[in-house]
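> have a look at this prediction, sequence included:
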Amino acid sequence: MIISFRDKEIKEEVNLPNNKDDFVTVSNKANIKQGYKKLILNGLENSPEVCQLLVKLHDHNRLYDMAKTDDGESREELVEIMTGLLKHDLSATGHELIADVLLALISKAKQNLRLALSERLSVMQNVPLRIVLKLANDDIEVANPVLKNSKDLTDFDLIYILKAKGVSHGQIIAQRPELSSTLVNMLVSTNDVNVAINLVKNNTIIFNKTNMADLIAMAMQSDDLASPLLKRDEITVELVAKIYETVGEELKTFIKDNFESTNLGVVDSEIDSLVSEFSKLESGILNPTEDLIQKAEYMFKNNMLSPQVIVDSLRRGQISTFVAQMSVCCSLPSHAIERVVKQKSGRDLAAACTLAGIVKSDFINIFLLTSRVRSTNIICESDLSTAIHYFDKMDQRIATSLFHKDRH
């Protein structure tokens, strides 16, 4: 039986013999050529359908590569041939050699072809792992189908991909059904809001208490996460209370409408706590509670205490929360931050912001938002200019020396 490969550049013949000792010639490019030769020499003489598919694969791939446009029909035909090769019952060696040929083609394929193949293979089982991993580590658009659906990927494979490719691929992994607790823990620990949102929307997952605590901490900075999180079965009134003060009005209304009135006492206590902060401001007492300090420490430890978070606390009028956050960021006692905030010149506030790594624009916001603490709602241009001057001249050495006594 003789099968010919034909194209513009090459005329070649593959002589399919009755035994392996017969002469076989294949002329093609690099490892694809070697793949075809090995396949024929390793028992495929008894698989004429596979041989015919290999010929069709060669011809269709050549035409697809030569095409000036990405023809959808040709792409689908090529994918059909490639997946068809994987469906045949071959020896372990035969399957590996088929994988060699397909990997060589995938490596030089256009993105649309790789995506079409990824979509098809994502719903097939027992696909050679090397092929699945190749696609799973591709660009996120190509990787998406196999990351989300392929049953050939194990926890070990997914963990490796998450570490190698980062949160972009993690956001897709988070959508897989029935993730193991190990993977859920790793995905939550990325502290990526989009990963967390996809996890929370995944109804096949059950979160443990540690997961929920971490998700609540992130939800305190994102209404987009808080919204689906509030609808989870694992949510408790105590957890709701923790995020109530940080969410927008729409979510506050949702909380009031969806939690039993008998349980709203905990939420009301959070509201009382918020009111208490305003009362403290009126009385000039700014020292934060131990709970606020602990919350700030947790956020700092998990890289959630950004300058924007600190400024947002001030915008909400939560001065005690701000004092707790700055205390943790600067490694200073809360009474030192209280003194800093009340200082009219802004020198020590500039020093504290320098220690906390806060940039000039955020420093200006903080100075303006804390003006109420300095017994005035009117900002003089000269006061602001003085504060900015101190910030411009401040460095880590000067800032550290100004708080030397507070740290000892």
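Received, thanks.
> and the strands in this protein?
Assigned by DSSP state E, the chain shows strands spanning 2-6, 11-15.
> what lies in contact with stretch 151-158?
Under the contact criterion C-beta atoms under 8 Å, 6 or more residues apart in numbering, stretch 151-158 has outside partners 125-127, 129, 132-133, 136, 146-147, 161, 173, 176, 180, 182-183. Every residue, glycine included, has its C-beta placed from N, CA and C.
> buried sites along it?
152-153, 157-158 (16 or more other C-beta atoms under 10 Å).
> with stretch 107-118 instead?
Of the residues in stretch 107-118, 109, 113-118 count as buried by neighbour count, 16+ other C-beta under 10 Å.
> among those, which lie within helices?
With helices defined by DSSP state H, the entries of these inside them are 113-118.
> confidence-wise, which of those comes last?
In terms of pLDDT, residue 113 ranks lowest among these, with 86.
> what's the closest non-adjacent residue to that residue?
Nearest residue to residue 113 in three dimensions, chain neighbours excluded: residue 75, at 5.4 Å (C-beta to C-beta, 6 or more residues apart in numbering).
> same check, this time on residue 351
residue 399 (3.9 Å).
> how about the contacts made by the one you found?
Per C-beta under 8 Å, 6+ apart, neighbours of residue 399: 350-352, 354-355.
> and residue 137, how far from residue 360?
41 Å (C-beta to C-beta, to the nearest Å).
> neighbour count winner among the two?
Taking neighbours as other C-beta atoms under 10 Å, residue 137 and residue 360 compare with residue 137 leading, 17 against 12.
> need the contact list for the closest residue to residue 76 other than its chain neighbours.
Spatial nearest neighbour of residue 76, chain neighbours left out: residue 116 (6.7 Å); criterion: C-beta to C-beta, 6+ apart. Taking C-beta under 8 Å, 6+ apart as the criterion, residue 116 is in contact with 75-76, 79.
> and residue 354, by the same measure?
391, 394-396, 398-399.
> repeat that for residue 146.
So residue 146 contacts 118, 121-122, 132, 135-136, 153 (C-beta under 8 Å, 6+ apart).
> who wins for most neighbours among the contacts of residue 399?
Sorting the contacts of residue 399 by how many neighbours each has (other C-beta under 10 Å) puts residue 350 first, at 28 neighbours.
> ok, now which ones touch it?
Residues in contact with residue 350, defined by C-beta under 8 Å, 6+ apart, are 363, 387, 390-391, 394, 399.
> before we move on, the earlier item: okay, the buried residues of stretch 107-118 in JSON lines with distance to residue 301 next?
JSON lines is the format used below for the buried residues of stretch 107-118 (distance: C-beta to C-beta, whole Å):
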{"residue": "109", "distance to residue 301": "45"}
{"residue": "113", "distance to residue 301": "46"}
{"residue": "114", "distance to residue 301": "41"}
{"residue": "115", "distance to residue 301": "40"}
{"residue": "116", "distance to residue 301": "45"}
{"residue": "117", "distance to residue 301": "43"}
{"residue": "118", "distance to residue 301": "38"}
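> tell me where the model's unsure across the chain.
1-74, 88-94, 245-248, 256-286, 375-379, 407-408 (pLDDT under 70).
> show me how it divides into domains.
Domain segmentation of the chain under automatic domain parsing yields 1-152, 154-235, 284-407.
> so which of the ones you listed gets nearest residue 249?
domain 154-235 (10.1 Å; C-beta to C-beta).
> returning to that earlier point: so can I have TSV of the ones in helices among the buried residues of stretch 107-118 showing distance to residue 343?
As requested, these are arranged in TSV below (distance: C-beta to C-beta, whole Å):
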residue	distance to residue 343
113	65
114	61
115	60
116	65
117	65
118	60
